[in-house]
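> generate coordinates for the sequence data below:
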Amino acid sequence: MSVRIMTRVWDIRLPDSEKLVLLALADCANDEGLCWPSMATLATKCSKSDRTVQASIKALVAAGHLSREEVPGRGCRYIVHPTPEAVSPPKRLRPEKSSPPKGATPTPEAASDKPSRTITSPVASPPPRTRASKVRPFRLPDDWKPERFADGTVAREVIDRRGRDWARAAMEAFRNWAKNARDKDGIGRKTDWQAAWANWVIEQDKRDGRHGGSQRVAGTDGRGGSASGMGPTVDAASRFLARRGIGEHHEPHPRG
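So this is what the prediction gives:
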């Protein structure tokens, strides 16, 4: 766009259609007045039909405000030179065969009468979804150690209430069960052994309560009460450890 040429166009008196077409050409021209917009571009800029634009161009050329030259294979080339008074048309330009004139800046429109097409960038496709890796059930590792149950959980309340000896015996029973459990139906395999240990603690506490020996002290009822006073789970674990010749001070306390 050449502001200098557009200013000169505003200073001359012309019919509405001709002045609008000349302004549209000046909007496409460089500082030398050279441009080559398509007929569709001019018609769109002026909101006029192709026939009206062509008639206005013919009148502007005759009035000396515009020079028009057809270039084979490149459409029409224009030179805008508005003058206050009509003058004779300038000499015909000699088109260059291989390249446009020096100093000319290309216009954004294609040099043809075909309407330009707007190319829109494709919408970016969302990234492919990745499948989260699924943990497969596995046997209890030999070096597995339980984590301390969080405060406020049922398992934590059971451990605090039953005491260390009960928790140690429950862990021993849990490990023996996990070691000897069959793989049939996935019984002996878990994806979260910490959660399995918590469930074991809760269920073992319920079983001891059903047997009625969870809080009995030895020799108080005379009817086969708990020998340790801590319930049948601790009694069974104590007998098992005694057979193996392991004392309490040798057995690590589970981190329930």
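> quick check: the gap between residue 15 and residue 37.
20 Å (C-beta to C-beta, to the nearest Å). Quick note: C-beta positions are derived from backbone N, CA and C, even for glycine.
> go on, residue 9?
Applying C-beta to C-beta, the value for residue 9 to residue 37 is 15 Å.
> okay, those two: which has more neighbours?
A side-by-side neighbour count of residue 9 and residue 37, using other C-beta atoms under 10 Å, places residue 37 first with 26 against 20.
> so which strand or helix has the more buried one?
Residue 37 belongs to no helix or strand when elements are defined using DSSP states H and E.
> measure it to residue 2 for me?
Distance, residue 37 to residue 2, by C-beta to C-beta: 13 Å.
> equivalent analysis for residue 201, please.
88 Å.
> again, but for residue 177
Counting by C-beta to C-beta, the gap from residue 177 to residue 2 is 92 Å.
> tell me which of those two has more neighbours.
Per other C-beta under 10 Å, whichever of residue 177 and residue 2 has more neighbours is residue 2, with 21 against 14.
> that one contacts residue 31, doesn't it?
Yes - between residue 2 and residue 31 there is a contact under C-beta atoms under 8 Å: 5.0 Å.
> just the strands in the chain please.
Ranges of strands in the chain, per DSSP state E, are 34-35, 66-71, 75-80.
> in JSON lines, list those strands along with mean pLDDT and distance to residue 165.
Converted to JSON lines, these look like this (pLDDT from 0 to 100; distance: least, C-beta to C-beta, whole Å):
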{"stretch": "strand 34-35", "mean pLDDT": "86", "distance to residue 165": "99"}
{"stretch": "strand 66-71", "mean pLDDT": "86", "distance to residue 165": "104"}
{"stretch": "strand 75-80", "mean pLDDT": "86", "distance to residue 165": "100"}
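> most tightly packed of those?
Of all these, strand 34-35 has the most neighbours on average by mean count of other C-beta atoms under 10 Å, namely a mean of 24.
> that strand pairs with which strands?
Partner strands for strand 34-35, per DSSP bridges, with pairing direction: strand 75-80 (antiparallel).
> can I get the partner strand in PDB, CA atoms only?
Extracted C-alpha coordinates of strand 75-80, given in PDB (Å, rounded to 0.1, in the frame of the first residue of the first chain):
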ATOM      1  CA  GLY A  75      -2.800 -11.200 -15.900                       C
ATOM      2  CA  CYS A  76      -2.800  -7.400 -16.000                       C
ATOM      3  CA  ARG A  77      -0.300  -5.000 -14.600                       C
ATOM      4  CA  TYR A  78      -1.300  -1.500 -13.500                       C
ATOM      5  CA  ILE A  79       0.600   1.800 -12.800                       C
ATOM      6  CA  VAL A  80      -1.300   4.300 -10.700                       C
END
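> what angle separates it from strand 66-71?
160 degrees (axes from the mean of the first three to the mean of the last three C-alpha atoms, to 10 degrees).
> domain-wise, how is this structure divided?
The record assigns the chain these domain ranges, following automatic domain parsing: 1-115, 154-250.
> low pLDDT regions in the stretch 101-250 of the chain?
Along the stretch 101-250 of the chain, the parts satisfying pLDDT under 70 run over 101-133, 185, 210-238, 240-250.
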